[in-house]
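> Got a sequence here, can you model it:
(one chain, ligands or ions: 2)
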Amino acid sequence: MACMCGDTHCSSCGPAQGNSRCPICRSWQDDGCEHFDAVTGLFKPEFLAEAERIYKAEADADTAYYAGLAEMEDPTRSDT
Ligand SMILES: [Zn+2]
Ligand SMILES: [Zn+2]
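Ligands and ions are numbered 1, 2, ... in the order given. Okay, here's the model as predicted:
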């Protein structure tokens, strides 16, 4: 379900327009925050490790979530 509001601060439309949220402070990138370099749009080196740690934690949480779903839907578990 795509949102078409076009707001760069919309959780759906923002990323579609190249705007993203800082995983550390949850600020939108176009608002600027201390973690992004305003010139390059990349994380500042001192925050890069922390940002990657958060991204990895989120990815692991997603993986665990989908693994849990797959387990619930596994038919071999229901006939025991
Ligand atoms: Zn939207
Ligand atoms: Zn930030």
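
> Those residues of the protein touching ligand 2, which are they?
Neighbours of ligand 2 within the chain, by Cβ under 5 Å from the ion: 22, 24-25, 27, 33, 35. For the C-beta atoms, the positions are set from N, CA and C on the backbone; glycine is no exception.

> out of those residues, which are inside strands?
Using DSSP state E, the subset of the residues of the chain next to ligand 2 located in strands is empty.

> of all these, which comes closest to residue 74?
Using Cβ to Cβ, residue 24 comes nearest to residue 74 of these, at 36.7 Å.

> number of nearby residues for residue 32?
Neighbourhood size, residue 32 [other Cβ atoms under 10 Å]: 12.

> how about it, what does it touch?
With contacts defined as Cβ atoms under 8 Å, 6 or more residues apart in numbering, the neighbours of residue 32 are residue 38.

> Quick one: the helices in the protein, in order.
13-16, 45-72 (DSSP state H).

> hang on, the earlier thing: now the buried members of the residues of the chain next to ligand 2.
22, 24, 35 (16 or more other Cβ atoms under 10 Å).

> which one among those gets closest to ligand 1?
residue 22 (18.9 Å; Cβ to the ion).

> Tell me the predicted confidence for the closest one.
Each residue has a pLDDT score; the one for residue 22 is 92.

> I'd guessed it sits against residue 37; true?
No - if you go by Cβ atoms under 8 Å, residue 22 and residue 37 don't touch, sitting 11.7 Å apart.

> Please report the distance of residue 40 from ligand 2.
Counting by Cβ to the ion, to the nearest Å, the gap between residue 40 and ligand 2 amounts to 15 Å.

> okay, the helices of the chain in TSV with mean pLDDT and mean neighbour count next?
Compiled in TSV, these are given as follows (pLDDT from 0 to 100; neighbours: other Cβ atoms under 10 Å):
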stretch	mean pLDDT	mean neighbour count
helix 13-16	92	16
helix 45-72	92	11
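
> Quick one: closest of those helices to ligand 1.
Across the helices of the chain, ligand 1 has its closest neighbour in helix 13-16 (3.4 Å, Cβ to the ion).

> Which strands or helices does the closest one pack on?
Of the remaining helices and strands, none touches helix 13-16 by 3 or more Cβ pairs under 8 Å, 6 or more residues apart in numbering; DSSP states H and E.
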